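Peer 1: Sequence first, then the predicted structure, then my questions.
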Amino acid sequence: MTQLSDLYAMWRIRAFEEKTRELWLAKHIIGSVHLCIGQEAGPVGTCTELAPHDALFATYRGHGWALARGVPAQAIFAEMLGRASGVNGGRGGSAYFTAPEYGFNGENSIVGAAAPIAVGAALASRIDGSGRIAVTVFGDGALNQGAVHEALNMAGAFRLPVVFICENNGYSELTPIADMVGDPQLWRRAAAYGIAGHRVDGNDPQTVRAAVAEAADRARGGTGATLLELMTQRLVGHYLGDAEQYRKPGELDEALRHEPLARLRAALATTGVAESELDEVKAQAYAEIAEAAQKALAAPHADAATALEHIYA
Amino acid sequence: MTQLSDLYAMWRIRAFEEKTRELWLAKHIIGSVHLCIGQEAGPVGTCTELAPHDALFATYRGHGWALARGVPAQAIFAEMLGRASGVNGGRGGSAYFTAPEYGFNGENSIVGAAAPIAVGAALASRIDGSGRIAVTVFGDGALNQGAVHEALNMAGAFRLPVVFICENNGYSELTPIADMVGDPQLWRRAAAYGIAGHRVDGNDPQTVRAAVAEAADRARGGTGATLLELMTQRLVGHYLGDAEQYRKPGELDEALRHEPLARLRAALATTGVAESELDEVKAQAYAEIAEAAQKALAAPHADAATALEHIYA
Amino acid sequence: MPELNYREAVNAALAHLLATDPTVMVYGEDVGEPGGVFGVTRGLRKTYGAARVFDTPISESAILGSAIGAALMGCRPIVEIMWADFSLVALDQIVNQAANARYVSQGRAPAPIVVRMQQGNAPGACAQHSQCLEAFFLHTPGIRVVMPSSPQDAYDALLTASHVDDPVIVIENRTLYAGEKATVRLRTDPLPMGWHHRHRSGGDLTVVSWGAITHRVVEAAQRLAGDGIETDVLEMVWLNRLDTDAIVESAARTGRLAVVHEANRTGGFGAEIVARVAEAGVHLSVPPIRIATPDVRMPAAPVLATTLVPSVEVIADRLYAAVKGT
Amino acid sequence: MPELNYREAVNAALAHLLATDPTVMVYGEDVGEPGGVFGVTRGLRKTYGAARVFDTPISESAILGSAIGAALMGCRPIVEIMWADFSLVALDQIVNQAANARYVSQGRAPAPIVVRMQQGNAPGACAQHSQCLEAFFLHTPGIRVVMPSSPQDAYDALLTASHVDDPVIVIENRTLYAGEKATVRLRTDPLPMGWHHRHRSGGDLTVVSWGAITHRVVEAAQRLAGDGIETDVLEMVWLNRLDTDAIVESAARTGRLAVVHEANRTGGFGAEIVARVAEAGVHLSVPPIRIATPDVRMPAAPVLATTLVPSVEVIADRLYAAVKGT
Ligand SMILES: Cc1ncc(C[n+]2csc(CCOP(=O)(O)OP(=O)(O)O)c2C)c(N)n1
Ligand SMILES: Cc1ncc(C[n+]2csc(CCOP(=O)(O)OP(=O)(O)O)c2C)c(N)n1
Ligand SMILES: [Mg+2]
Ligand SMILES: [Mg+2]
């Protein structure tokens, strides 16, 4: 049953992010960490629609996307913990790791920079016969970055198989997106590029899935790119340590009423799934993640003697 | 009579550009030169709507804009000829001169780079009480440059008094704009930024003037920016020396039928202005320009001993 | 004279400039309402208003370009690029635009902007948030560069930068913002640009550095003093204008030269220092050395990064070896 | 072996790469249908098709970023940035993206792109179309840089660049494109990167240079030979990987060092060369010199520009003085 597996997949991400916070507070993880708590439906709804050979490019807020794409939790924990067994042996950290063997082509810590890179993955599929489509994820604020514009335009002009996913969580770091654009309906920008554009509920994995499926079909069919605006909210700070003083009173309470996990759980309960089963799904996810973190913590740190490897071929 | 003065102003630009080509062919002018032959109506229609304290930012194809803004022809010739009396003493040349005392705030040889600069001139007017509006001119191809996007977005978000003028001459250098965008109706991009957008006949100074007047009113009234797409064609190469192999058969003949000077002349003839008077206007413009070029040629070259001045304050 | 940490000193300078010069604007991403991701601009919007202190879209080209445009109109914008690394999405505006404005207009249309940015590695930071890019700006004629490492210099650098009629890049460092408080003299007359500090005087070895790593250099020099090695430690707060004479004088006197910077070694500004001393014909008794981050991208794991960015130990050992030849 | 000028040699290399490697794409502004603003890519689209040779919007970030993306998928894109100056609108993609790909992925996701650009002053060119920016790329670990100045090197550089598994910046020069034809060996096996040329052998003075100005250096060296001064002239075709040993060996032998580049002096790569020789402990009998464009923006008027970019005369005079001490 898709909805139960969605619930599990989302709990897994939630559990992962909570564990990450715990490890950060305990100073096991050092440095900037951007959690996607509240935004789990996007990756979960999207990644089931991608084939293994498709390319996915995410941002610093990429743990959920990596997990949904199949990157093992343990390898990501180990990465953030600076372990040799980290998915990049500690080179990338929380905000800049990549796992191409899972079709997860990397986080990026430069806002918007991955969008043109994704366009290139699509360009490649014009000549390599792979049938690959490229998906690039970025935030609402990233749409104001020149590189994203250039990527959207090139994809539109060349009708490239790209799905641009904008996770609109209402804020660019600490600044409301509504104050930083002339038209807060960001999906409408698609028209400027001659590509399809839609705004959808980004807190419901099924809605996301349907929108992505349609966009992926369009891409695979050779009729071009799509800009999807997923409306969502992060229930936590921009990064760990964010005092969130920019929140309006009641904003988080309101957001909690629409957050994907509570919603899907309630929906499943209505359809008759037993509370105990729902609890079990959650417990399983937390257990899996706890074990992954445990193993990662037990692994040896990256070897400082290797720090100069792989700069050049 | 506005139309006669428009005719004169446009002939002046045409004459200037033809003389420039002559000087270039004779190797008096060295380096890249981008003529605006065929595009004279844009600057002539626009500049009458600007106040002295308004700011105008153009591109390498800026001779016409500078002339329409009141920069003396002789000073521009001298600039291209590398004379000390050049408007920048030969530092800028054909493609990168500035004349702020005339409200001509510079050409720019980086595609699109002036758009954010113009936004800054508008930002300044929020605090300096000047009532200044800022106008920035760029080509069709420039709309695909990230910096232009960022400028449009910032102007839209902050409702700044900026008029973005896109001279759509169908080509970005040697490449048709239609092949480089998903929607060739470039003015429609305005919607993405929440600003007004219009496409107008860019070969008729009166039409341009009306559109600019409306946009300038909007800017002065504090209700925001406008993107104006002026449809025009250059009747010459992108730069001097361009073999123009990209032209479709018959394209230039067709363009000649819509070009601003022939059109306005014909229109004036229909309204009863005597041929002799029309000829006289043209002759005067060419005479003025010939004299300016003559004087510029007679002036001394820039003094090499000054080449290291003004790098720092 | 108040006790301020580095962040507070920057804030005090910005407040002073906003208060005294109505053409000053302070803006950038999260700079206004939130007061900056590092809290540097806290309170300024409230005091000086949203027209002069404000947030921007994530649009570095628009931030820098608009600063230039405002400066061309006579304003004195002070903009923030949150990380020096992000300047690379918009370097055109600094190198092709701001740097040219004065020269091409023969002084008639200068663009006296101040660009604040902060750079360098901090524990856990990734390769895209760790670079030291001063060498790029120092290879750009027309641009001034200052790199304060103390609260007093942070204050003074900004004050001077805002009065200099050239574009100035003020490079701060986020590891310093919350550092120790120090007594800061809140001068109102800007110092002339170009100053440096001699942190120690000594005859055995000239050590030149700049930016946050100066703190490590000073500590290393202290350790060397314990071994009886007396170093002449020069912190070049301003890298352009650079006081080359001071460096040459010192190197000629000690006969030994070490340059320490956090930036990657090859093509770093340390090369320029070594070259200038060599060109000046200074006779060194031992070859000069550069102590720098090797030519590597920066890994996120602290256990890796700390072996790359020169530590106090590494600096002390290499300085020691430069003098004692081991 | 055909007689080709520089432009034709680049074209021949591109054609060879397109013909032999189906993952090669060649694209950029005006690169496809029009065959490039300098005619370098003429005919390639017709032969190799629009999917592999094509024009792009004026979007340097999209050009460079897409090249990286294609490379991550296993392609070998060769993209053109029309002028090095324009790379500044998109430097992020080179410095923050391409340079990091291999390192951060521990070699699993490298981005072996080739970026062709051309740079430098030409008569009448403005400040935004005249810069020499190799020092920026050379201060970026992870990136390779090659600067061919002859048809043969133009061919070989591209062939090697396309086979190197790192991002390579190939810096050409538009004043060379239509230069004299020369016999070009159209090799099919790429040379290993890192080569340099010794244009003259001599014991009086080591002269190191790269790029188009090498032609002036060689001419100046010829003049000096007429005065009985024998120079050791090294052209470093590859600046990364750099053959430091060759330079150090020569400088140690001649005891005199001059570096000549067209880029602005301060922070130019000449400083790195001087620093490396000094660090190597080479004993020079006279101080090293750098001959470069001074720290200036480039004026458009040829009468001004020619006094700034080192000419054959200026180079010859300064080399002469370095040896004869006048
Ligand atoms: C080019 C660039 N500018 C600024 C930043 C700093 N920064 C990191 S995340 C961020 C906000 C991004 O907002 P949004 O795109 O909405 O994504 P979200 O974080 O909300 O997921 C900013 C400004 C950056 N990393 N890169
Ligand atoms: C950032 C940048 N990229 C590329 C160029 C080279 N270039 C100069 S003009 C031009 C075409 C511009 O086309 P458009 O904007 O339509 O203006 P037009 O020349 O037609 O007036 C290009 C690509 C440049 N100057 N700057
Ligand atoms: Mg957001
Ligand atoms: Mg055009």
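Peer 2: Yes, it's here. Numbers count the residues shown, from 1 in each chain, chains lettered A, B, ... in the order given. Ligands and ions are numbered 1, 2, ... in the order given.
Peer 1: Can you show me the strands along the stretch 201-313 of chain A?
Peer 2: Residue ranges of the strands in the stretch 201-313 of chain A, as given by DSSP state E, counting those that start in this stretch, are A:226-231.
Peer 1: Which single residue of the stretch 101-250 of chain C approaches ligand 2 most closely?
Peer 2: Closest residue of the stretch 101-250 of chain C to ligand 2, Cβ to the nearest ligand atom: residue C:104 (15.6 Å). In this view, the C-beta of every residue, glycine as well, is placed from N, C-alpha and C.
Peer 1: so that residue sits right up against residue B:88, yeah?
Peer 2: Yes: taking Cβ atoms under 8 Å as the definition, residue C:104 is a contact partner of residue B:88 at 5.6 Å.
Peer 1: For the residue nearest the centre of chain A, give its distance to ligand 1.
Peer 2: Chain A has residue A:65 as the residue nearest its centroid, 3.6 Å off, counting by Cα atoms, centre = their mean. Going from residue A:65 to ligand 1 by Cβ to the nearest ligand atom, to the nearest Å gives 11 Å.
Peer 1: Quick check: residue A:137 is in a helix.
Peer 2: No: going by DSSP: H, G, I helix; E, B strand; the rest coil, the assignment for residue A:137 is strand, not a helix.
Peer 1: give the contact list for the residue of the stretch 101-250 of chain C closest to ligand 2.
Peer 2: For residue C:104, the contacting residues are B:88, B:91, B:92, B:96, B:97, B:98, D:126, D:127, D:297, D:299, by Cβ atoms under 8 Å, 6 or more residues apart in numbering or on different chains.
Peer 1: per-residue pLDDT, the residue of the stretch 201-313 of chain A found nearest ligand 3?
Peer 2: Across the stretch 201-313 of chain A, no residue is closer to ligand 3 than residue A:234, which sits at 7.6 Å (Cβ to the ion). pLDDT for residue A:234: 97.
Peer 1: Confirm for me that it is in contact with residue A:171.
Peer 2: Yes: judged on Cβ under 8 Å, residue A:234 makes contact with residue A:171 at a distance of 7.5 Å.
Peer 1: I'd like to know which residues of chain A are adjacent to ligand 3.
Peer 2: By the rule Cβ under 5 Å from the ion, the part of chain A lying against ligand 3 is A:139, A:140, A:169, A:171.
Peer 1: any chance of these in a markdown table, with neighbour count too?
Peer 2: Formatted as a markdown table, the residues of chain A next to ligand 3 follow (neighbours: other Cβ atoms under 10 Å in any protein chain shown):
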| residue | neighbour count |
| --- | --- |
| A:139 | 26 |
| A:140 | 25 |
| A:169 | 24 |
| A:171 | 23 |
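Peer 1: Would you tell me which one of the residues you listed comes nearest to chain D?
Peer 2: residue A:139 (17.1 Å; Cβ to the nearest Cβ).
Peer 1: Beyond the helix or strand hosting residue C:224, next helix or strand please.
Peer 2: Assigned by DSSP states H and E, residue C:224 belongs to helix C:214-226. Note on helix C:214-226: by DSSP H and E, the next helix or strand toward the C-terminus is strand C:231-235.
Peer 1: ok, residues contacting that next one?
Peer 2: By Cβ under 8 Å, 6+ apart, strand C:231-235 touches C:149, C:196-210, C:214, C:217-218, C:221, C:224-225, C:246-247, C:250, C:253-254, C:319.
Peer 1: Now list the buried members of these.
Peer 2: Listed as buried from the contacts of strand C:231-235 are C:149, C:196-197, C:199-200, C:202, C:204-210, C:214, C:217-218, C:221, C:224, C:246-247, C:250, C:254, C:319; burial here means 16 or more other Cβ atoms under 10 Å in any protein chain shown.
Peer 1: Mind jotting down where the strands sit in chain C?
Peer 2: C:3-4, C:24-28, C:53-55, C:76-81, C:114-118, C:144-146, C:168-172, C:182-183, C:197-200, C:205-209, C:231-235, C:238-240, C:257-264, C:289-293 (DSSP state E).
Peer 1: Burial-wise, tell me which of the ones you listed comes out on top.
Peer 2: Of all the strands of chain C, strand C:205-209 carries the top mean neighbour count, a mean of 29, counting by mean count of other Cβ atoms under 10 Å in any protein chain shown.
Peer 1: Run the chain-centre distance for that one.
Peer 2: 17 Å (Cα atoms, centre = their mean, to the nearest Å).
Peer 1: what's the burial count for the nearest residue to residue A:300 once chain neighbours are set aside?
Peer 2: The shortest distance from residue A:300 to any non-neighbouring residue, by Cβ to Cβ, 6 or more residues apart in numbering or on different chains, is to residue A:84 (5.6 Å). Residue A:84 is flanked by 15 other residues according to other Cβ atoms under 10 Å in any protein chain shown.
Peer 1: Many thanks, I have nothing further to ask.
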